[in-house]
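Visitor: here is a sequence with its predicted model. Questions after.
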Amino acid sequence: MPDNWAFVLAAYGLAVVVLVMYWRFLVRREHELEDAGIVRQQLRQGSRDPAA
Amino acid sequence: MLTFARRAFIVVWKDLLVERRSKETLNALFFFGLLLLFVFQFALGPDRERLGATLPGLLWLGFILTGLLGLARTFVAERENDCWEGLVLAPGDKSAIYVGKLAGNLLLMLVIETILLLLFAFFFNLDLAGVLPGLAVVIALGTVALAAVGTLFAAMTAQVRARELLFPVLLLPVEAPLLLATVKATEAVLLGETLGSVAHWLKLLAAADVVYVAVGVLTFDFVLEA
Amino acid sequence: MRRLLGFLTVLGLAAGLVMGFGVAPREATQGNVQRIMYLHVPSVWVAYLAFVVVLVASIVYLVRRSETADRLAHASAEVGVLFTGLTIATGSIWGKPTWGTWWTWDARLTSVSILFVMYLGYLLLRGMIEDRERGARFAAVLGIVTAFNIPLVHFSVLWWRTLHQPPSLMAPGPAPVPGIIKAALYVNFVAFTLLYGYFLTRRVRVLRLEAEAEA
């Protein structure tokens, strides 16, 4: 029975690529939202302090 | 309990009256079914043997495609005439509305399916004499589940932007196992076998019927919330 | 807490790879191509787990109106679709050298494909309803309907494939699975479950941040 390592590599490679891509999407989105949250907080504090 | 039944009945009665006056849904679906028959014939060619072999599948394909059109329109009257709020603000158990709409849809589907079946028998020269009772059972079991889920999904997609796309996309995967069951059972019945030989398929359909009607009744209040 | 989960996940995945390639032997009839099963089978188990979580979270949401339950359902459906897609892809890649064809309507691939489309529809519904509260409600109802469809799909497809076809050389026979292969499968299953949990917590957090951004 031939071993077909190419297929094994393809399957594991695909899995790694997809899972890593999803992980990166999650991490990036979380950082975006956190930064946006910090900016919003600063704006709110800025608008509360008219002397700024 | 009695008010529930009365409310459900009022919904069916209203829909039947509207339909009786305009007949638009029934006529349109009838013509659609007829056209489907032509389309099937053209797509599969004149080979009678091949047509005969695929007949159960084509029959149910016809039922489902017509069902997709007919069921999607369940709440179109309420939506187009600004009556949606009327549904949402209706007092009491909204599941009565679901049961009423389901009954109406069942009636509609069974009428259309009967007509389609007769058309099939005519065009493909089927001898329905001995198999009619068995067929009736399979069709009834299959249609209840289709109508139950279709009515629920119709309410959910009524207000969505791309409802014509979303409704079939949601309904077809749920319909898939039921399609497997009904086609297999219809195949057996048309070949002259007993209902007992396909008992497992019939039990699956019956289970689906019970489950989907129950889920519809229990969750409809959540769908029609203000 | 999440760091711990992340660390355990990486550990689990590493262990899974070791088991799958180092410890597990070359399979007798299929050769090394069988090692794809260490991806394919745990993927489908995790997918089913994800969709059960969707069912439970959906019911909890309808009863308690808990925002967390709603986010859990949404996240779990998304991760579930991810693993379902992976199941289909790995199954297909395994099928080509084994059965000679990229696609076949065998019981598992067929069931999983229906599952894939069902929950893709769930995500589609969520994306198409602008009102957040209504979207959550409708998705919960859909989550319940689709969950009930899973056993129906499983049995109908199984009977469809097995009750009328004579067993062929292509169908994997009911041979007993060697213990060491089972062990490798279980290790990978644990690893994938950890990965699912990790993705889930991250995704729920992103959903919560998104909700706060809109507030």
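Guide: Received it, and whenever you're ready, just let me know what you need.

Visitor: okay, CA-based contacts and neighbour counts for the rest of this
Guide: OK.

Visitor: pLDDT below threshold where in the chain?
Guide: Because you didn't say which chain, this covers chain A. For chain A, the stretches with pLDDT under 70 are A:1-3, A:49-52.

Visitor: not what I meant, chain C
Guide: By pLDDT under 70, the low-scoring segments of chain C are C:28, C:163-176.

Visitor: can you rerun that using 80?
Guide: In the predicted model of chain C, residues C:1-2, C:19-32, C:162-179, C:214-215 satisfy pLDDT under 80.

Visitor: need the residue closest to the centroid of it.
Guide: For chain C, the residue nearest the mean C-alpha position is C:Ala47 (1.5 Å; CA atoms, centre = their mean).

Visitor: quick check: nearest residue in space to that one, chain neighbours excluded?
Guide: C:Gly80 (4.7 Å; CA to CA, 6 or more residues apart in numbering or on different chains).

Visitor: looks to me like that neighbour is in a strand.
Guide: No - C:Gly80: not assigned to a strand; according to DSSP: H, G, I helix; E, B strand; the rest coil it is helix.

Visitor: contact partners for it?
Guide: For C:Gly80, the residues meeting the contact criterion (CA atoms under 8 Å, 6 or more residues apart in numbering or on different chains) are C:Val46, C:Ala47, C:Tyr48, C:Ala50, C:Phe51.

Visitor: ok, the residue nearest to the centre of chain C touching C:Thr84?
Guide: Yes - checked against CA atoms under 8 Å, the pair C:Ala47 and C:Thr84 is within contact range at 5.6 Å.

Visitor: just the helices in chain B please.
Guide: For chain B, helices defined by DSSP state H occupy the ranges B:2-22, B:24-44, B:48-72, B:76-80, B:84-88, B:95-123, B:132-157, B:163-190, B:199-223.

Visitor: which residues does the closest residue to B:Val144 other than its chain neighbours contact?
Guide: Of all residues not flanking B:Val144 in the chain, B:Asp209 sits nearest, at 5.9 Å (CA to CA, 6+ apart). Residues near B:Asp209 by CA under 8 Å, 6+ apart: B:Leu141, B:Gly142, B:Val144, B:Ala145, B:Ala148.

Visitor: need those in JSON lines (columns: distance to B:Leu17 and neighbour count).
Guide: What follows is the contacts of B:Asp209, written out as JSON lines (distance: CA to CA, whole Å; neighbours: other CA atoms under 10 Å in any protein chain shown):
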{"residue": "B:Leu141", "distance to B:Leu17": "26", "neighbour count": "21"}
{"residue": "B:Gly142", "distance to B:Leu17": "26", "neighbour count": "25"}
{"residue": "B:Val144", "distance to B:Leu17": "22", "neighbour count": "24"}
{"residue": "B:Ala145", "distance to B:Leu17": "25", "neighbour count": "24"}
{"residue": "B:Ala148", "distance to B:Leu17": "22", "neighbour count": "28"}
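
Visitor: so which of the residues you listed comes closest to B:Thr54?
Guide: B:Gly142 (18.2 Å; CA to CA).

Visitor: would you mind measuring from the closest one to chain C?
Guide: Counting by CA to the nearest CA, to the nearest Å, the gap from B:Gly142 to chain C is 13 Å.

Visitor: swap in B:Val18?
Guide: Computed as CA to the nearest CA, the B:Val18 to chain C distance reads 28 Å.

Visitor: kindly report the same for B:Ala136.
Guide: Going from B:Ala136 to chain C by CA to the nearest CA gives 21 Å.

Visitor: could you measure that residue against chain A, distance?
Guide: With CA to the nearest CA as the criterion, B:Ala136 and chain A are 48 Å apart.

Visitor: tell me the residue of chain C that sits nearest chain B?
Guide: C:Val153 (5.0 Å; CA to the nearest CA).

Visitor: these two touch, right, that residue and C:Ser113?
Guide: No - with contact defined as CA under 8 Å, C:Val153 does not count as touching C:Ser113 (10.2 Å).

Visitor: so what sits against both of the two?
Guide: With CA under 8 Å, 6+ apart applied, the contact sets of C:Val153 and C:Ser113 do not overlap.

Visitor: compare neighbour counts for the two and give me the winner.
Guide: Regarding C:Val153 and C:Ser113, a neighbour count based on other CA atoms under 10 Å in any protein chain shown identifies C:Val153 as having more, with 23 against 16.

Visitor: the more buried one: which element?
Guide: helix C:132-162 (DSSP states H and E).

Visitor: show me which residues of that helix are buried.
Guide: By 16 or more other CA atoms under 10 Å in any protein chain shown, the buried positions in helix C:132-162 come out as C:134-150, C:152-161.

Visitor: next, the angle from that helix to helix B:132-157.
Guide: Relative orientation of helix C:132-162 and helix B:132-157, computed by axes from the mean of the first three to the mean of the last three CA atoms, to 10 degrees: 150 degrees.

Visitor: chain center to the helix or strand hosting A:Leu26, what's the gap?
Guide: For A:Leu26, the element it lies in under DSSP H and E is helix A:5-48. Remark: helix A:5-48 is offset 0 Å from the chain centroid, using CA atoms, centre = their mean, to the nearest Å.

Visitor: against which helices or strands is it packed?
Guide: Packing partners of helix A:5-48 (3 or more CA pairs under 8 Å, 6 or more residues apart in numbering or on different chains; DSSP states H and E): helix C:67-99, helix C:179-214.

Visitor: say whether chain A is contacted by the last one.
Guide: In this case it means helix C:179-214. Yes - using CA under 8 Å from any CA of the partner chain, helix C:179-214 reaches chain A at C:Phe199, C:Arg202, C:Arg203, C:Arg205, C:Val206, C:Leu209, C:Glu210, C:Ala213.

Visitor: that helix - contacts with which helices or strands?
Guide: helix A:5-48, helix C:2-17, helix C:37-64, helix C:67-99.

Visitor: what residues of the last one count as buried?
Guide: By 16+ other CA under 10 Å, the buried positions in helix C:67-99 come out as C:68-95, C:97-98.

Visitor: now swap in the shortest one and tell me
Guide: Of all the residues in helix C:2-17, those buried under the rule 16+ other CA under 10 Å are C:Leu5, C:Gly6, C:Leu8, C:Thr9, C:Gly12, C:Leu13, C:Ala15, C:Gly16, C:Leu17.

Visitor: how about these in JSON lines, adding distance to B:Ala5?
Guide: Formatted as JSON lines, the buried residues of helix C:2-17 follow (distance: CA to CA, whole Å):
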{"residue": "C:Leu5", "distance to B:Ala5": "53"}
{"residue": "C:Gly6", "distance to B:Ala5": "55"}
{"residue": "C:Leu8", "distance to B:Ala5": "56"}
{"residue": "C:Thr9", "distance to B:Ala5": "55"}
{"residue": "C:Gly12", "distance to B:Ala5": "57"}
{"residue": "C:Leu13", "distance to B:Ala5": "57"}
{"residue": "C:Ala15", "distance to B:Ala5": "60"}
{"residue": "C:Gly16", "distance to B:Ala5": "58"}
{"residue": "C:Leu17", "distance to B:Ala5": "60"}
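
Visitor: so which of those residues are also by chain B?
Guide: Filtered for proximity to chain B (CA under 8 Å from any CA), the buried residues of helix C:2-17 leave an empty set.

Visitor: quick one: which of the helices and strands packed on helix A:5-48 is nearest B:Leu224?
Guide: helix C:67-99 (18.2 Å).

Visitor: the closest residue to C:Ile88 other than its chain neighbours: which element?
Guide: Computed as CA to CA, 6+ apart, the closest residue to C:Ile88 that is not its neighbour in sequence is C:Leu109, at 6.3 Å. Element membership of C:Leu109 [criterion: DSSP H and E] is helix C:107-128.
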